[in-house]
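Engineer: Attaching a predicted model along with its sequence, questions to come.
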Amino acid sequence: MDERVRVETPDGPGELVLDEAESPGAVLLLGHGAGGDVDGWDLGLLASRLPALGVSVARFRQPYRVAGKRIYSSRPGLDRGWVSALAAVRGVWPRLPLFAGGHSAGARAACRGVDAHQRGLVLLSFPLHQPGKPEKSRLDELLAVDVPVLVVQGGADTFGTAAELREAVGDRPNVRLVEIADAPHSLAPTARTPPAVVDERERRVLWVVSAFIEQQSRQPPAPAGTP
């Protein structure tokens, strides 16, 4: 059963939903999408399955969602909440390798809030652009990240397909892009998705995320004093 922890932020209380591993070797902090919540398909999948593989998962519910609102007030507000969530997670697991990320807007906030003490980012459905508006790119947020990055992107994502994102990112050595064939922006299967495809999608997302965390956890941490 998950545990809920109140997080004080400048914009009101947020909330961490914790799913702890029995003997954790790393922790993953995930943020939800702008119109979603921590029970999204991909966040829920990782929270339910990663603890058995030794990764504790913390899902952060932004203050506007705790307050019952569906729309966030501003991008700076998201960032303030995210900084508070990072500090709270470090307080719970001060000695574990920390990974961060999230779905869509949560992925963007993780890019903006990254620092050298995070071992890597797990970005689920990075919103490269608004649907139908490829000229309004958010690529600069992703390219500004220096730590290792895993991007899990749907092949049918209207906010930027895996093929679009692969072309945009190019040969950036710190970015690994994994395509989920035919998946939309939510990454979630539909009622018409064949059970075998559902199982394969779950396995693929879980495998690539767990493998990325295991690989990066073996790397030495950033030197003391690194910004």
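Structural biologist: Sure, I can see it.

Engineer: hey, let's count contacts and neighbours off CA atoms from now on
Structural biologist: Fine.

Engineer: what's next to the top helix by length along the chain, contact-wise?
Structural biologist: If you go by DSSP state H, the chain has its longest helix at helix 195-217. By C-alpha atoms under 8 Å, 6 or more residues apart in numbering, the residues outside helix 195-217 that reach it are 26, 45-46, 49-50, 53, 97, 99, 119-120, 122, 148, 150, 152, 178, 180, 189.

Engineer: Kindly recompute the last result at 6 Å.
Structural biologist: The set of residues that contact helix 195-217 without belonging to it, under C-alpha atoms under 6 Å, 6 or more residues apart in numbering, is empty.

Engineer: what about Asp79, neighbour count?
Structural biologist: Neighbouring residues of Asp79 were enumerated by other C-alpha atoms under 10 Å; the total is 18.

Engineer: With Asp140 instead?
Structural biologist: Asp140 is surrounded by 11 other residues when neighbours are defined as other C-alpha under 10 Å.

Engineer: Over to Gln118?
Structural biologist: The number of residues packed around Gln118, counting by other C-alpha under 10 Å, is 18.

Engineer: wait, isn't it in contact with Leu98?
Structural biologist: Yes: in this structure, Gln118 is within contact of Leu98 by C-alpha atoms under 6 Å, at 5.2 Å.

Engineer: in the chain, which spans are helices?
Structural biologist: Taking DSSP H as the test, the helices found in the chain are 41-49, 63-66, 75-92, 105-112, 139-143, 162-169, 195-217.
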